[in-house]
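# sharing a sequence plus its predicted fold:
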Amino acid sequence: MEHLLNLYRESDIICFATPIYTWNMTALLKNFIDRLIPLKVPQMTETNGHLDMKNQDSTPKKIVILSNSGFPGENNFDVLRASVACAEPILEIYRNCGKLLKSKNPDVLQKVNVWLESVEAAGQELVLQNNVSEEIKTRLQQPLMTIPEYMDYLGM
Ligand SMILES: Cc1cc2nc3c(=O)[nH]c(=O)nc-3n(C[C@H](O)[C@H](O)[C@H](O)COP(=O)(O)O)c2cc1C
């Protein structure tokens, strides 16, 4: 953890990545986030009515959240979205129908690759321009397939 804390201190962009487990981030990521507490100092700070302990580092990190869910539907990310809201992420990428990411079907693979290109483009824009364009954000939200098609794909 000491090594990870040092990497965290040195970084200007932090990307938290987790699959959705039981409508939330994994226990592993939650544990990691809890263990970031040494980066705080015992002093209160208030942002938009939200009280927190002050960060040691006065330069705020840019936070990116990346997650995939096995089920279709945006609601799978509601709890995660709410949990990370106070960190004011600069970018959130939520991929539902996540089982498709491992597909070997050429038609599905083509759609997944187009989506992954948008993920890469988002990363490039973030690093080079310090923000992600609405065009890329819209592309990231495109469904990979309809819910009935996905159910059919899963054989459920
Ligand atoms: C314990 C457990 C709980 C899960 N809970 C959810 C869930 O609440 N919603 C959901 O969409 N997917 C859920 N999933 C599916 C995972 O999000 C999915 O497996 C993940 O995106 C990783 O994909 P992979 O299994 O193909 O590696 C769960 C998986 C596990 C193992």
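It's in.
# what segments of the chain are strands?
13-19, 40-47, 50-55, 62-68, 91-95 (DSSP state E).
# didn't residue 66 look like it was pressed against residue 15?
Yes: counting by CB atoms under 8 Å, residue 66 does reach residue 15; the two are 6.0 Å apart. C-beta: built from backbone N, CA, C; applies to glycine.
# more neighbours: those two, which one.
It is residue 66, of residue 66 and residue 15, that has more neighbours when counted by other CB atoms under 10 Å, with 18 against 15.
# parallel or antiparallel, list what pairs with the lowest-mean-pLDDT helix or strand in the chain.
When the helices and strands of the chain are scored by mean pLDDT, DSSP states H and E, strand 50-55 comes last with a mean of 88. Using DSSP bridges, the strands paired with strand 50-55 in its sheet are strand 40-47 (antiparallel).
# quick one on the thing from earlier: I'd like the strands of the chain laid out as CSV, including distance to the ligand.
Shown next, in CSV, are the strands of the chain (distance: least, CB to the nearest ligand atom, whole Å):
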stretch, distance to the ligand
strand 13-19, 3
strand 40-47, 30
strand 50-55, 27
strand 62-68, 4
strand 91-95, 8
